[in-house]
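Peer 1: Here is the input, now give the coordinates:
(chains A and B)
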Amino acid sequence: MDDIFNQIAEVVFPESLPDPNYFEELYPPRNLSASAFVTRIAPSPTGFFHIGSLYTALICKLFAHQSDGVFYLRIEDTDKKREVEGSTNLIINTLLRYGLKFDEGPDKYGRELGSYGPYVQSSRATIYFSFIKNLLQHGKAYPCFCSPETLDELRVKQQSSLSRQGYFGQWAVCRHKTPEEQLQELKTGKPFVIRFRSEGSFEQKIKVADLILGTRELPENDQDFVIMKSDKLPTYHFAHAIDDHLMRTTHVIRGDEWFSSVPIHLQLFKALKFEAPKYAHIAPIQKKVGNSKRKLSKRKDPEANIEYFDAEGYPKQAILDYLINLMNSDFEKWRNKNPNEQIELFNISFERLKKCNGALFDFDKLNHISKQIIAGMTAGDLYEEVLKWAKENDRSFASVLVNNADYAKNILSIERGETEKARKDLIKYSDMKEKFMFFFDEYFDLNKKKKEQILLHNGFDLNEVKKIINEFIESFEDGDSKEVWFSKMKEIGNNYNYAESVRMQKNNPHLFRGNIGDMVKIFRILLSGSTQTPDLYSMIKVMGRQRVISRLNLVS
RNA sequence: GGCCCCAUCGUCUAAUGGUCAGGACGCGGGCUUUUCAAGCCUGCAAUCCGGGUUCAAUUCCCGGUGGGGUCACCA
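Peer 2: Take a look at the predicted model:
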């Protein structure tokens, strides 16, 4: 190797560094079958978990586990300006909460699982240095002393001359300095970055094979892109090449905003003498804004943040099901047949992913899925989930739920049983309070006046209402079956000219003032404050004699 | 602007060189029901535009349009 390059490398990295081969041996190829996928999710700790990251993570995990491979987590914390304290734990917690357990990666306690770590990029400096030093020694990279201001000026100049932008060819000032000049400048202690010396030509096309996009032609990279920033941290491009090679990733599955960087990455893999992984670029989930679409934005769209769905009380499974359905629309058929099956058993494929071209996030669809999932839960499980949600988002509701645990479970059991006709009025856990709060005396605050107002508003005569209620209380027995109870109601209805059934009323409209449904409204109103409630018989059962009578009695 | 990607109901999508272009969500109507939520039945609704190739194009090719991505010491 050239002595002058060696000197440059020594000035940049005076410390003694292991040879790149050391790492090759430290991280040997994985002992997996040839068809196994090694995938990773590699988020940046910016204090925010994007729904798109969850989508990508799910795809990665599914592919890995469907092939008996490995799915791991890597934290890409090379941008210290954007880093937010506590983000790594947020990422880990979110993945685990959504059942995306990773086989390798950092854990909450600062330890790591797996033997291809460290899995946090800021802890991998020695590794990056070793490879960069090697590149420097071979003249494949060089120090660049251009300041950000200089680069801005360059950009302006290129723009006004309608030239292609970037640090390449004749524009790459530092590239053309002699090694001796570079060494001299380095010794002055001036800030610098390390750039890759690109031998590519923009006129040359290269074929890029992508598992989702297919084989495409892209111009070769001719930019002398930065591989090490002035803070000595690697850029994404460089870290990607080193990490995914050394961690033996087989499939890099990531957002399609990376697609146009593939020539850079391929170039890097080649220069480093690494075998390139397979790539799969997926279209992001989008949102319609006016006439155009855009990626879900951290800034503008609350639903871009996974925490939004947790705060709203969406079941995790609903989010997962929704996302998988986006990957492969056959999922909904499969889910219908296998309502309780683990999603891992559903197969996804690149073939199907090819058809996804940036779906618009659809709340209606999510809500529908969510509703089905809640309808499929037992009252006990639902209670636990609602309670868990309330503890984190509505403390006072949580204490009401705790203080009335059995009552709350009974409420949730209404029209929910072995029959498939479960109530479907809850979309998310937070709906329970809104829909069923009237059951709880803590929230039910209809005074006599309000009740009377509602009754009058619905066209009832208050004196008659009192009589009907008295008749009901007299005849009502705790042990009444639904049939017995209902026939008693019909009997009372008869006394006041309410038809026993809609049909009866329709057949002789002039004989009746209304049907049993109209009369029953009285009870709905007094017990709940609303004319729209779950099944009345069940409500009465759940509320219990005491509460029913006291709510009815308020009027007399 | 350069380079790249994409294009089926409002949304997610299925399918094929010949189909009544299918399903799901949403929306409308009906039935059922003690209200509501459901459930069942049913309706409306799409192959971006223009050229080719072909007996036949939504499907293949070209052009246009539209949308998206990317061009940092961010990932």
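Peer 1: what's the burial count for A:Pro191?
Peer 2: Using other CB atoms under 10 Å, A:Pro191 has 10 other residues around it. For glycine as for every other residue, the C-beta is placed from the backbone atoms N, C-alpha and C.
Peer 1: doesn't A:Pro143 make contact with it?
Peer 2: No - using CB atoms under 8 Å, A:Pro191 is not in contact with A:Pro143, being 9.9 Å away.
Peer 1: ok, now which ones touch the closest residue to A:Leu154 other than its chain neighbours?
Peer 2: Distances taken as CB to CB, 6 or more residues apart in numbering place A:Trp171 nearest to A:Leu154, at 6.1 Å, with adjacent residues excluded. Listed by CB atoms under 8 Å, 6 or more residues apart in numbering, the contact set of A:Trp171 reads A:Leu154, A:Gln158, A:Ser163.
Peer 1: Check which helix or strand the second one maps to.
Peer 2: Secondary structure assignment for A:Gln158, by DSSP states H and E: helix A:148-160.
Peer 1: buried stuff in that helix?
Peer 2: Applying a neighbour-count criterion of 16 or more other CB atoms under 10 Å, one finds A:Leu154 buried in helix A:148-160.
Peer 1: just stretch A:67-84 next, same as before
Peer 2: Using 16+ other CB under 10 Å as the test for burial, stretch A:67-84 gives A:67, A:69-79, A:83.
Peer 1: what's stretch A:185-199 in contact with?
Peer 2: Contacts for stretch A:185-199 (CB under 8 Å, 6+ apart): A:8, A:11-12, A:132, A:135-136, A:139-145, A:147, A:167-168, A:172, A:174-175, A:177, A:221-230, A:238, A:267-268, A:271.
Peer 1: Show me what from the stretch 101-250 of chain A comes close to RNA strand B.
Peer 2: By CB under 7 Å from any atom of the strand, the residues of the stretch 101-250 of chain A that approach RNA strand B are A:146-148, A:151, A:155, A:162, A:164-167, A:191, A:193, A:213-214, A:216-219, A:225-226, A:229-231, A:233, A:235-236.
Peer 1: Just the ones of those in strands?
Peer 2: Counting by DSSP state E, the members of these that fall within strands are A:Val193, A:Gly214, A:Arg216, A:Glu217, A:Leu218, A:Pro219, A:Val226.
Peer 1: Out of those residues, which end up buried?
Peer 2: Looks like those have A:Val193, A:Val226 buried, using 16+ other CB under 10 Å.
Peer 1: just the ones in strands among the residues of the stretch 101-250 of chain A next to RNA strand B now: which is nearest A:Leu456?
Peer 2: Nearest to A:Leu456 among these: A:Gly214, at 69.8 Å, using CB to CB.
Peer 1: what's near enough to touch the closest one?
Peer 2: A:Gly214 touches A:Lys354, counting by CB under 8 Å, 6+ apart.
Peer 1: pLDDT value on it, please?
Peer 2: Looking at A:Gly214, its pLDDT reads 90.
Peer 1: Next: A:Ser481.
Peer 2: 87.
Peer 1: Pull the number of nearby residues for the closest residue to A:Lys482 other than its chain neighbours.
Peer 2: With sequence-adjacent residues excluded and distances taken as CB to CB, 6+ apart, A:Lys482 is closest to A:Tyr537, at 5.0 Å. A:Tyr537 has 18 neighbours, counted by other CB under 10 Å.
Peer 1: Read off the pLDDT value for A:Tyr537.
Peer 2: On the pLDDT scale, A:Tyr537 gets 92.
Peer 1: same check, this time on the one 10 residues further on
Peer 2: If you check A:Arg547, the pLDDT there is 92.
Peer 1: for it, what are its contacts?
Peer 2: A:Asp441.
Peer 1: CA-only coordinates of whatever helix or strand it lives in in CSV, if you can.
Peer 2: Taking DSSP H and E as the definition, A:Arg547 sits inside helix A:536-553. What follows is helix A:536-553, C-alpha atoms only, in CSV (Å, rounded to 0.1, in the frame of the first residue of the first chain):
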residue,chain,number,x,y,z
LEU,A,536,-83.2,-3.8,27.8
TYR,A,537,-83.7,-7.1,29.5
SER,A,538,-80.0,-7.6,29.8
MET,A,539,-79.5,-4.1,31.1
ILE,A,540,-82.1,-4.7,33.8
LYS,A,541,-80.5,-7.9,34.7
VAL,A,542,-77.0,-6.4,34.9
MET,A,543,-78.1,-3.3,36.8
GLY,A,544,-80.0,-5.3,39.4
ARG,A,545,-83.3,-4.6,41.1
GLN,A,546,-82.0,-2.0,43.5
ARG,A,547,-80.5,0.2,40.9
VAL,A,548,-83.4,-0.2,38.4
ILE,A,549,-86.0,0.7,40.9
SER,A,550,-84.1,3.6,42.2
ARG,A,551,-83.6,5.0,38.8
LEU,A,552,-87.2,4.4,37.9
ASN,A,553,-88.5,5.8,41.1
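Peer 1: is any part of it close to RNA strand B?
Peer 2: Yes - for helix A:536-553 and RNA strand B, the contact criterion (CB under 7 Å from any atom of the strand) is met by A:Leu536, A:Tyr537.
Peer 1: so how far is that helix off the chain centroid?
Peer 2: Distance, stretch centre to chain centre, for helix A:536-553: 42 Å (CA atoms, centre = their mean, to the nearest Å).
Peer 1: What are the buried residues along it?
Peer 2: So for helix A:536-553, counting by 16+ other CB under 10 Å, buried means A:Leu536, A:Tyr537, A:Ser538, A:Met539, A:Ile540, A:Lys541, A:Val542, A:Met543, A:Arg547, A:Val548, A:Arg551, A:Leu552.
Peer 1: cool, and stretch A:208-215?
Peer 2: A:Val208, A:Asp210, A:Leu211, A:Ile212, A:Leu213.
Peer 1: Flag every residue of the stretch 351-500 of chain A that's near RNA strand B.
Peer 2: A:352, A:355-360, A:362, A:364-365, A:367-368, A:415, A:421-425, A:482, A:486.
Peer 1: filter these to the buried ones?
Peer 2: Counted by 16+ other CB under 10 Å, those give A:Cys356, A:Ala359, A:His368, A:Ala422, A:Arg423, A:Asp425, A:Phe486 as buried.
Peer 1: measure the last one to A:Arg503 for me?
Peer 2: Okay, so that is A:Phe486. Distance, A:Phe486 to A:Arg503, by CB to CB, to the nearest Å: 15 Å.
Peer 1: Quick one: the strands in the stretch 351-500 of chain A, in order.
Peer 2: For the stretch 351-500 of chain A, the strands defined by DSSP state E, counting those that start in this stretch occupy A:498-499.
Peer 1: Low-confidence stretches in it?
Peer 2: Flagging of the stretch 351-500 of chain A using pLDDT under 70 yields the residue ranges A:418-421.
Peer 1: Please enumerate the helices of it.
Peer 2: With DSSP state H, counting those that start in this stretch as the criterion, the stretch 351-500 of chain A has helices at A:363-375, A:379-393, A:395-403, A:405-413, A:431-436, A:448-457, A:462-475, A:482-495.
Peer 1: who's in contact with the fourth one?
Peer 2: The one in question is helix A:405-413. Residues contacting helix A:405-413 (CB under 8 Å, 6+ apart): A:Ala379, A:Gly380, A:Leu382, A:Tyr383, A:Val386, A:Val400, A:Leu401, A:Met432, A:Phe436, A:Phe439, A:Phe440, A:Val542.
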